[in-house]
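Asks: Output the structure for:
(4 chains)
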Amino acid sequence: MTEKPAEKTEVKLEIGRFGKFLQDNGIKSKRQSDSNNVETIVIDAKDLEPAMRLLKTSSETTLNFLLCVSGVDYADKIDSVYHLWSYEHNDALVIKVELPKNNMTNTQTPCMSSISNFWPAANWHERETYDLVGIRYLKHPYLRRILNPWDWEGHPLRRDYKQLIDALNDKNPHSFR
Amino acid sequence: MATELTTTNLKTDEMIINMGPQHPATHGVLRLILKLDGEIVRHVEPVIGHLHRAQEWQGQNRTLFQYQALIDRVDYLSGMFTSLAFAHACEQIDGCEVPPRAQYLRALVCEMNRISSHLLWLGTFLIDLGALFGFPFYPFREREKLLDLFEEIAGQRMMFNYIRIGGVIRDPKPTWFEKVRKFTQEFPDRIDEYEAIVTQNPIVLKRTKDVGILDKQVAFDYGVSGPSLRGSGVNYDLRKVRPYGIYPDLNFDVPLGQNKGDTWDRYMCRILEMRQSNELIKQCLDKMPEGEILGKKQIAGLRIKAGEGFSAIESPRGVLGCYVISNGSDKAYRIKWRNPSFCNLAVLPSLLIGRPISDIMAIFGSIDVILPDVDR
Amino acid sequence: MNEPLKILNQSNELVSPELSDTVTLTTLDKAIDMLSTIVSPIANLARSNSVWPLTFGTSCCAIEMMCVGMSAFDISRFGSEVFRATPRQADLILTAGTITRKMASALITLYEQLPEPKYVIAMGACTITGGMFNDSYSVVQGVDRLIPVDVYLPGCPPRPEAILDALLKLQQKIRTENYAKRRLKGYDQRPVRYVDYDSGRPMEDLLAMAMEETKEVLTKQDNDNTK
Amino acid sequence: MLTNSNELFKFSRLIIVWLSIIFISVWAACYLFGFLIPHIILSMGSGDVFNFAAQLFQYLTPVIAILVFIPINAMFMVLVERRGLALFTVRMGPNRVGPDGLLQTAADAVKLLFKEDIIPTGADGLLFTLAPIIFFAPSIFGSIPLLAAITGNSDWFAITNLPTGIFFMVAASSVPVVGIVMGGWASNNKYSLVGGLRSAAQAISYEIPLVLSLLTICYLSQSLNVIEISDRQTGGFLNWNIFGGGALSGLDKYLAAVINGSENAGEILKMYYPQNSILTVIAVIALIFATVTAFFMYLTAACAEVNRIPFDLPEAESELVSGYNTEYSGIKFAIFFLAEFTNLFIVASIASVMFLGAGSSPIPQFVVDYVLTHVPAVSGLLNQLTALLSPLMNQFYILNPATFWSVFWMVIKTYSLVLFAVLVRGTLPRFKIDQLMDFSWKRLIPISLLVFFIAILSKGVFFTNV
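Replies: Below is the predicted model of the structure:
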């Protein structure tokens, strides 16, 4: 695909409320441009688990509603995006973990740690992200494909995914594209 | 020598039953692998994805204009809501204005759609409980009336494609509003009818009370939302908590479960929600302003600005989110759906374990899962 | 590669690989086949008037399939309101909704579990060509790639009236056809016969892959031994 | 004002047409075997051989009657159920096959006959084939004693008059569960297995209240013979077992005496209620309470016995795909279907024999007498009719008025109960298996024991000479 990924503004942004909270607890984060006034931060893959534990349980934040975990395949990296809300307050936070690609092929998967051991909501979302985008969540209790059959090849939402053409779908494979 | 017959020396074997993907009670194509001890469920493994139609993949391979027509199929019982979530996300990115009349029309059709979705849920829930004939026919009667109204404005009974980026596509005739008003006037009587048959039915009470109790903390952990969460007594309705559209202007209460969060509470919550939606429709009709209905021109090469947006709305099943990343072209770079059914279904195994087979249907029915919403 | 699996008997005649592995035909069944020219007018009339559908629905079309049983449209007028949950007692599959690769094998199993005579109405655009999801990686482009179809019913989803129309067309077809001849056709129009349950891929492909792999391993072992 | 009165009219027309079809065919079969063939044989010659042959054919009459009756009746009942449910849900129901859908179930039956008959791999073929037969057979031989009661002890059915008829029927009604368990086990399907086992548990639990409520009636009638039980209930609805099992029959006679202006009315009352005190009134009320309760308990337990909603757990469609008959197709499934509806008919007819006066007219005898004596037009008309039909009755033995009226009332009572079961099916959801068990063991059985006790007490203490 020749499309370019979303624009990246290299403007230095001020640290936000949750970024500051994480910094106080010794977790580094980088602020990204907001979408619709929701704070968006980028953190390291190794910091994700402690950061999530803190954000979920700490009485200061209580971001205890994990909306979704989504994987986004860019040209040079794969993002794992976490949307966090709170059941009690009106807070919202978007956490991104960037995993560089380094000439990775379709069958190879980037790895990062899973959060579903302490947050059951992430379980199915991580399985789905593994299935479609191909991020391998380490220490996940049951990391198997969830939407596609178990022996499916490739990760369909990767940009370089070539779909299987066989007797079940050889009719006009590019009909409406 | 008399041997004592106790539970310890009575050996029982576990039996694995495969329920689905074609089973009358799994609402389509869910597959549950059950491990049973007699009639008691010991282990459940849901297998989903039998209806995975690659909605997200379609989203990034079709133009936005094409994809608008496709997203009604994400949740076919409440197509208005999926359209609305997508439109909200795109409007966030694009920053285009939605005219007030369009806002009101959106709220109006969404609340109508909520009623029609809950009506179908009521019918299928009763079928799940075993009332195969008779009662399930009644909710469908009202649903047909609603579908006729939808057909008049959108041209289709279930796949509307009515809410577009920047507004709604068609302005209904004045006679349509009169029909809606007529419907709202007679609908409370109909709910009274359903309640007269179902709510006080001793068998329904026996099968739903204290069955499938969803603890608040468990619900939080699994990210449950919608009536299933409110049945447990958590006051979390996006229309109140994070108001969108014109909901701040409307006056309504959020119905909550009365005691524990069992199947009965979830049932009651939905019944009350139908009444509440009826009131909301009346308010929308009263406050309906005149003016434009579409803030963005609907052309084949419809484009939005670059950026990313996440919008979430309160669908009949819970928090329906849409995460759109756009790079300024006529196709979205990535579309991710946060489906309420997908998240609510994850809690099912923890509710089922230790219950008899018959409760599977009652509990599963009360969570109100739509399979394309799970599988996309 | 995608040709149907052919089984030849001892005298080198083509045997349609139909059902013989899953069910046994009783003598009564065979006797009825023999008498088919005499009984077929009566049998056709009876069959056409009591088509019992299977409660098979995957997505949107299933809702319209439910609507058609309800009071407003009332399929019971045509004697078809007896929706059976088990394939053994049904005559008709209304393939209501998209069939994905994961579901394909289940659909084939269901079709094979139906007792003869069995009919299929491909309901909705998704089951005719794949419909709106035609080019999706996981969608089967038309249910006629899996099972033979009698009536195609377009629409996304079709209105309940259209379902009634399709049912009437099917009834007409049943009334005018000769069942014995229909049976001889067997499953010839079906390119994919055995499908693996989990992967949704044809069994022949998997077998061929396995054969190749074993051949590779064997040649490698041979090479090692010769060294 | 009924909005679907047209449908109601069509429904009643359907019932009348089908009932006449059923009874003309059954009557023809009976006439053939009970009268025509024996007469032909006897006219050919005389001697032991001919006598024996003629008698043999006469003895065959009940069996032929049942064999003709059951399939047609089951087909009709399926149609009644489908049309009835359609009526309750404002639909049309099947109305395309034959005139106004009259032949819909016939088409279904023919279709099922010509369907492929599948024995799944891994199934036990012998048991799999035997199961529907074992399920169906008891409904044939179990209904034999009923025939005597239904036909008002007609000559043709004399051999069906067993001295322990009700005992025989109850014994027969407990056999079908063996068929269900067998079918469930033999189909090599886990849903079938669970369905079969559920059915066994359910049948065992509900047999007890069913038998106990019948036992109350047997005690009050002091007989196990269905003919005797139904004979005791003749003469108006006050004598029916549901109203105290004869507790009101004295009142009936007293009223008759009063209306006729007889002087010994008081003596009749004295004869039937010797201890003329408040205790008698209490005992009568207690008896009526006991029998009415027994009737409804019988209905509940019978519903469970024949697996109707809300007790249709063995084939719970939304839980176990189709329960014990999941793997059955074609003719075997048709036999299951047939037997299910026949069982429903049989329990309904047992209810009408035991509680609702069998073939006796619900109009009290004194009313009939009053009308006949005081309205000469009616009795004149009746006399004319009798004169007109007498050659049919006396010479050709075609029409037996006693049998005709007995069958007529019996059919009305039985089909009312069947329609009640259809109404219940259109209304209620299903029980859970543990609630089902609780309902039987913790509610029905204690109540039925109590009812039996009350009946013994009031009858034994206060009506010793009745």
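Asks: Where does pLDDT dip in the chain?
Replies: Using chain A here. A:1-12, A:103, A:105-107, A:167, A:169-177 (pLDDT under 70).
Asks: my bad, the chain I had in mind was chain B
Replies: Low-confidence segments of chain B (pLDDT under 70): B:1-11.
Asks: Close to chain C: what parts of it are there?
Replies: B:21-24, B:28-29, B:49-54, B:57-58, B:61, B:69-70, B:73, B:76-77, B:120, B:123-124, B:137, B:140-141, B:143-144, B:157-159, B:371-372 (C-beta under 8 Å from any C-beta of the partner chain). Backbone N, C-alpha and C define where each C-beta goes, glycine included.
Asks: restrict those to contacts with chain D.
Replies: B:23-24, B:137.
Asks: can you pick the most crowded of those residues?
Replies: The residue in these with the most neighbours, by other C-beta atoms under 10 Å in any protein chain shown, is B:Pro24 (25 neighbours).
Asks: For chain D, name the helix or strand with the lowest mean pLDDT.
Replies: Taking mean pLDDT, DSSP states H and E as the measure, the helix or strand of chain D with the lowest value is helix D:265-272, at a mean of 72.
Asks: Chain B contacts on chain C?
Replies: By C-beta under 8 Å from any C-beta, the residues of chain C that approach chain B are C:55-60, C:62-64, C:66-67, C:70-72, C:85, C:97-98, C:100, C:102-103, C:106, C:110, C:126, C:132-133, C:135-139, C:156-157, C:159.
Asks: picking that back up, with distance to D:Pro138 and secondary structure as new columns, can the ones next to chain D among the residues of chain B next to chain C be given to me in CSV?
Replies: Formatted as CSV, these follow (distance: C-beta to C-beta, whole Å; DSSP: H, G, I helix; E, B strand; the rest coil):
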residue, distance to D:Pro138, secondary structure
B:His23, 32, strand
B:Pro24, 30, coil
B:Phe137, 35, helix
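Asks: Do any residues in the lengthiest helix in chain C lie close to chain A?
Replies: In chain C, assigned by DSSP state H, the helix with the most residues is helix C:203-226. Yes - shown here: helix C:203-226 in contact with chain A (C-beta under 8 Å from any C-beta) through C:Asp205.
Asks: Counting neighbours, what do you get for the residue of chain B found nearest chain D?
Replies: For chain B, the residue closest to chain D is B:Gly130, as judged by C-beta to the nearest C-beta, at 2.6 Å. Around B:Gly130 there are 26 other residues, counting by other C-beta under 10 Å.
Asks: For the stretch 1-150 of chain D, just list every one of the helices.
Replies: D:5-31, D:37-44, D:48-88, D:104-113, D:125-141, D:144-150 (DSSP state H, counting those that start in this stretch).
Asks: now chain C
Replies: With DSSP H as the criterion, chain C has helices spanning C:27-34, C:36-49, C:60-69, C:101-113, C:125-128, C:160-176, C:179-185, C:203-226.
Asks: so which of these is the most packed in?
Replies: helix C:125-128 (a mean of 26; mean count of other C-beta atoms under 10 Å in any protein chain shown).
Asks: Can you tell me what sits against that helix?
Replies: Taking contacts as C-beta atoms under 8 Å, 6 or more residues apart in numbering or on different chains, the residues outside helix C:125-128 that touch it are B:53, C:59, C:61, C:95-99, C:122, C:131-133, C:139, C:142-144, C:152-156.
Asks: can you pull the pLDDT of the closest residue to C:Lys169 other than its chain neighbours?
Replies: Excluding the flanking residues, the one nearest C:Lys169 by C-beta to C-beta, 6 or more residues apart in numbering or on different chains is C:Val151, at 5.2 Å. Per-residue pLDDT puts C:Val151 at 88.
Asks: Can you get me a residue count around C:Val151?
Replies: Applying other C-beta under 10 Å, we find 20 other residues in the vicinity of C:Val151.
Asks: any idea how far B:Gly321 is from it?
Replies: 40 Å (C-beta to C-beta, to the nearest Å).
Asks: before we move on, what about C:Met70?
Replies: C:Met70 sits 33 Å away from B:Gly321, going by C-beta to C-beta.
Asks: Who has more neighbours out of these two?
Replies: Counted by other C-beta under 10 Å, C:Met70 and B:Gly321 do not tie: B:Gly321 has more neighbours, with 26 against 23.
Asks: Phi and psi next, for that one.
Replies: Note on B:Gly321: its backbone torsions stand at phi -110, psi 150 [degrees, to the nearest 10].
Asks: Report the secondary structure state of B:Val369.
Replies: coil (DSSP: H, G, I helix; E, B strand; the rest coil).
Asks: in terms of contact, does it touch B:Arg317 like I think?
Replies: Yes - counting by C-beta atoms under 8 Å, B:Arg317 is a contact partner of B:Val369 at 7.5 Å.
Asks: Tell me which of those two has more neighbours.
Replies: B:Arg317 (29 against 25).
Asks: That one: what's it in contact with?
Replies: Counting by C-beta under 8 Å, 6+ apart, B:Arg317 makes contact with B:75, B:78, B:117, B:226-228, B:340-341, B:344, B:368-370, B:373.
Asks: closest point of the stretch 151-300 of chain B to chain A, which residue?
Replies: B:Gly223 (3.6 Å).
Asks: phi, psi of the residue lying closest to that residue once chain neighbours are set aside?
Replies: Excluding the flanking residues, the one nearest B:Gly223 by C-beta to C-beta, 6+ apart is A:Ala121, at 3.6 Å. A:Ala121 adopts backbone torsions of phi -60, psi -30, taken as degrees, to the nearest 10.
Asks: number of nearby residues for A:Ala121?
Replies: As a burial measure, A:Ala121 scores 24 neighbours (other C-beta under 10 Å).
Asks: Isn't it up against B:Ala346?
Replies: Yes - if you go by C-beta under 8 Å, A:Ala121 and B:Ala346 touch, sitting 7.0 Å apart.
Asks: Quickly list what's touching both of the two.
Replies: The contact lists of A:Ala121 and B:Ala346 share B:222-223, where a contact means C-beta under 8 Å, 6+ apart.
Asks: From the contacts of helix C:125-128, list just the buried residues.
Replies: B:53, C:59, C:61, C:95-99, C:122, C:131-133, C:139, C:142-144, C:152-153, C:155-156 (16 or more other C-beta atoms under 10 Å in any protein chain shown).
Asks: Which of the residues you listed fall in strands?
Replies: Using DSSP state E, C:95-96, C:122, C:152-153 are the members of the buried ones among the contacts of helix C:125-128 that sit in strands.
Asks: Using CSV, lay out those together with distance to D:Leu338.
Replies: Shown next, in CSV, are these (distance: C-beta to C-beta, whole Å):
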residue, distance to D:Leu338
C:Thr95, 31
C:Ala96, 31
C:Ala122, 34
C:Tyr152, 36
C:Leu153, 34
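Asks: With that, I have no additional questions.
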